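J.: sequence and predicted model, in that order:
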Amino acid sequence: MMETFYLSRGDGRYLPTQHTAGPWNPDSQHFGPPSALLVRELESQPHSGDRALARVTVEILGPAPLSELTVTSEVVRSGRSVELLSATLAADDRVVARASAWRLAVGDTAEVSTTSIEPLPPVDECPEAAWPDAWHGGYLDAMEWRAVRGAVTSSGPAAVWARQRVALVDDETPSPLQRVFAVADSGSGVSQELDPRDWLFINTELTVHVQREPVGEWIGLDAATTVGPRGVATARSTLHDVDGPVGAGAQALLVRHR
């Protein structure tokens, strides 16, 4: 098997490998790789000047199968300082996800930048993270995981470090933002509040706000899930690199008893 999530077939077509398979259903992808693929497509849109994606929302319209996918993108609103982009992921003419993104002109605000969030402990101080035995390999095995605090195998908030063992597409080096989105969709799984043997918590979307591009291969995910009284939950996460926080993620979850 190629050491990549996707094989490029040209003309915006990509073939997923088994590395994309999700932990609950080996016939569907974990949405980390598709989210990163959509970001790759958004980043490919031409632009003038120095710009950055500040917010990306991925709307999950259905399972992403392990069959050929087609990715397209467009500029919805152009502008000298602010642009709205969109991208679509389809399988067999069925749209499985849409992404929208605000791309902003960047400037120098280093002197006034602020954060109240502490960096995560260094990666080399954190042990290997464990996943529930019943969860399948695929995506989980294609990533290297380190436990920071909490435990993925029990309920409650948790933090992990993660990095890709494989490329996103062919033998390309993933961009910093692609690395973020390969990890960000795992917030609800890392911080599960309910036993997945008894409960479904289905992710309907992922929204990530980015303050700066991360550096290095490791992405930190510090996540917590809040379950409401009417079958709806929210997973919120702070995303880190080795220097500190880089952005924030959120997921709306449908909660149902099995």
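T.: Structure's in. What do you need?
J.: check which element follows the helix or strand that contains Arg179 along the chain.
T.: Arg179 belongs to helix 176-184 when elements are defined using DSSP states H and E. Using DSSP H and E, the helix or strand that follows helix 176-184 in sequence is helix 187-190.
J.: give me the distance from that following helix to the chain's centre.
T.: How far helix 187-190 lies from its chain's middle: 11 Å, per C-alpha atoms, centre = their mean, to the nearest Å.
J.: shift numbering so it begins at 13
T.: Sure thing, new numbering starts at 13, so read that last one as helix 199-202.
J.: so which elements touch that helix?
T.: Helix 199-202 sits against strand 170-176, strand 231-239, strand 244-253, strand 256-269, with contacts defined as 3 or more C-beta pairs under 8 Å, 6 or more residues apart in numbering; DSSP states H and E. The way it works is simple: take the backbone N, C-alpha and C, and place the C-beta from them, glycine included.
J.: Thr237: neighbouring residues, count only.
T.: 25 (other C-beta atoms under 10 Å).
J.: one more: Pro134?
T.: Counted with other C-beta under 10 Å, residues neighbouring Pro134 total 12.
J.: do the same with Leu212
T.: 13.
J.: quick check: which element contains it?
T.: Per DSSP H and E: strand 211-215 holds Leu212.
J.: for that strand, give me every contacting residue.
T.: 43, 72, 197, 200, 204, 206, 237, 245, 247, 263-270 (C-beta atoms under 8 Å, 6 or more residues apart in numbering).
J.: sheet partners, orientation included, of the next helix or strand along the chain from it?
T.: Next in sequence after strand 211-215, counting helices and strands by DSSP H and E, comes strand 217-222. If you go by DSSP bridges, strand 217-222 pairs up with strand 63-72 (antiparallel), strand 256-269 (antiparallel).
J.: scan the chain for its longest helix.
T.: helix 44-55 (DSSP state H).
J.: let me see the contact set for Asp253.
T.: Contacts here follow C-beta under 8 Å, 6+ apart; on that basis Asp253 touches Pro226, Val227, Gly228, Trp230, Ile231, Gly232.
J.: dump the strands paired with strand 217-222 into a markdown table; add mean pLDDT and mean neighbour count as well.
T.: A markdown table is the format used below for those (pLDDT from 0 to 100; neighbours: other C-beta atoms under 10 Å):
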| stretch | mean pLDDT | mean neighbour count |
| --- | --- | --- |
| strand 63-72 | 97 | 19 |
| strand 256-269 | 96 | 18 |
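J.: and those strands as a markdown table, adding distance to Ala33?
T.: Below are the strands paired with strand 217-222 laid out as a markdown table (distance: least, C-beta to C-beta, whole Å):
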| stretch | distance to Ala33 |
| --- | --- |
| strand 63-72 | 16 |
| strand 256-269 | 20 |
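J.: how many neighbours does Gln204 have?
T.: The local packing of Gln204 (other C-beta under 10 Å) involves 24 other residues.
J.: how about it: what's its closest non-neighbour residue?
T.: The shortest distance from Gln204 to any non-neighbouring residue, by C-beta to C-beta, 6 or more residues apart in numbering, is to Ser167 (6.0 Å).
J.: now do that neighbour: how many residues are near it, please.
T.: Ser167: 13 neighbours (other C-beta under 10 Å).
J.: how about it, what does it touch?
T.: Neighbouring residues of Ser167 by C-beta under 8 Å, 6+ apart: Gln204, Glu205, Leu206, Asp207.
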